[in-house]
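here is a sequence with its predicted model. Questions after.
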Amino acid sequence: MKFIIGEGLMSQLDRLSYHGGIGFYYDSTLGGIITFLVVGLICVFAVIGFITVLKWLFFGIPKKEDPGKKWLRTGKF
C-alpha cells in the first residue's frame, strides 16, 4: 500500500533491494526471486485446480472403463 499511496525514501530503498514479504519473507535478491517463483507456481497450480474443479462440476468426473468391458464393446484390447 505504501507504493500505491506514497512511499518514503526507506520504503523505496527496501523495495529496490528486495526486502519485504509476500507470504514468505526475504531479505536478499536471491530470496526475493525464489519467493516470487514459489508464489507464482502456487498461483498457476491454483488456476489449474480451479479449472479442473469447474470441469468436474459441469461435465462430471470421468469414469474409467475396465479392459473387459472395453473388449466386449469394441473387440480390441
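Perfect, I can see it now.

C-terminal to the longest helix seen in the chain, which secondary structure element comes first?
Longest helix in the chain, counting residues (DSSP state H): helix 29-59. The helix or strand immediately downstream of helix 29-59 is helix 67-74, counting by DSSP states H and E.

average model confidence for that following helix?
Average pLDDT, helix 67-74: 83.

got the CA coordinates for it in PDB?
What follows is helix 67-74, C-alpha atoms only, in PDB (Å, rounded to 0.1, in the frame of the first residue of the first chain):
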ATOM      1  CA  PRO A  67     -10.400 -53.600 -20.000                       C
ATOM      2  CA  GLY A  68     -13.100 -56.400 -20.100                       C
ATOM      3  CA  LYS A  69     -15.900 -54.000 -20.800                       C
ATOM      4  CA  LYS A  70     -13.900 -52.200 -23.400                       C
ATOM      5  CA  TRP A  71     -13.100 -55.500 -25.100                       C
ATOM      6  CA  LEU A  72     -16.800 -56.500 -25.100                       C
ATOM      7  CA  ARG A  73     -17.800 -53.100 -26.500                       C
ATOM      8  CA  THR A  74     -15.100 -52.700 -29.200                       C
END
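
for that helix, buried residues please.
When burial is assessed from 16 or more other C-beta atoms under 10 Å, helix 67-74 yields no buried residues. Glycine gets a C-beta too; all of them are placed from N, C-alpha and C.
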